[in-house]
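Chemist: Structure for the following, please:
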Amino acid sequence: ISKNTIISNYFNDIYFSKHNGLKEKKFVFLEPNKIKEKLNKSDHFVIGELGFGCGLNFLATWDLFKKYSKSNVVLDYISIEAYPLENEVLRKVYSLFPEINLLSKKLLSALPPLWPGCHKLHFDSGRISLTLIYGDVLEKLKTLNFLSDVWYFDGFDPKKNPEMWSENIFREVKRLTITGGSFSTFTSSTSVQKNLKNVGFQINLIPGYLNKREMITGLNTGKIVKDRIRKKIIVIGGGIAGASVARALKRRNSDVILIEKNSI
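Modeler: Residues are numbered from 1 along each chain as shown. As a prediction, the model looks like this:
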């Protein structure tokens, strides 16, 4: 950590603003995507992220979710990170932001080993699911199948990490975005704008954080789909595991039929 931020050894670039990283994350990602307003528009809200980094975007979103979401809303947060950070580094980062101390402690205690692959974490009695995917972004995106309401693009500077901002990446992202879904990112790079447009995203330039002149936001254009198709799922076995699965599926807007041979 140096001057209230942290620098990547791989890309020689900062993870967040030295002025106030948490405020920057809220300004760049939560506010343009209208997270507070969107949280309660469906029972199941999904956020995709390229670049988990220090986890500040997730913690800021979690904090907002706890304060403003209704009790029946669940959040799926799916994040891909090629270079996950050690817990000791994250602990030092989080000491800079005492306002999220309780949440950052819970996150630190739940983080998986830094092994490549998919790691699923649950918080707030299952209302929040954090899926951490460690590995190459394009490779992992190609294996995924979900629909996101919002995307956070939080890679390093496009000049230092161009692969993260390629047309191939954004094509996969668009495939995984609902019609009407939004995104935002700190950069205003012309190459990033071009790649986003080429895959069919509508983009807008808005003022950036502090001394940054502009940043990119946008939409997967078309008719906005308000409700996902409800899935009908049969769970066989009404024991502890079956009942828990049925409950989790119900909270994710699925129609569940629970079949149990023996009455209790």
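
Chemist: pLDDT averaged over stretch 167-184, what's the number?
Modeler: Mean per-residue pLDDT for stretch 167-184: 97.

Chemist: repeat for stretch 102-117
Modeler: 97.

Chemist: helices or strands up against whichever helix or strand residue 60 is part of?
Modeler: Using DSSP states H and E, the element containing residue 60 is helix 56-68. If contacts are counted by 3 or more Cβ pairs under 8 Å, 6 or more residues apart in numbering; DSSP states H and E, helix 56-68 sits against helix 21-25, helix 35-38, strand 44-50, strand 74-81, helix 101-110, strand 128-134. Any C-beta I mention is one placed from the backbone N, CA and C, and that applies to glycine too.

Chemist: Could you find the closest non-adjacent residue to residue 117?
Modeler: Excluding its sequence neighbours, the residue lying closest to residue 117 (Cβ to Cβ, 6 or more residues apart in numbering) is residue 134, at 6.3 Å.

Chemist: Count the neighbours of the residue lying closest to residue 127 once chain neighbours are set aside for me.
Modeler: Spatial nearest neighbour of residue 127, chain neighbours left out: residue 74 (5.2 Å); criterion: Cβ to Cβ, 6+ apart. The local packing of residue 74 (other Cβ atoms under 10 Å) involves 21 other residues.

Chemist: swap in the one 10 residues further on?
Modeler: Taking other Cβ under 10 Å as the neighbour definition, residue 84 ends up with a count of 21.

Chemist: Next up, phi/psi of it, please.
Modeler: Dihedral pair for residue 84: phi -60, psi 150, per degrees, to the nearest 10.

Chemist: The helix holding residue 60 vs strand 44-50, what angle?
Modeler: Helix 56-68 and strand 44-50 are oriented at 160 degrees to each other (axes from the mean of the first three to the mean of the last three Cα atoms, to 10 degrees).
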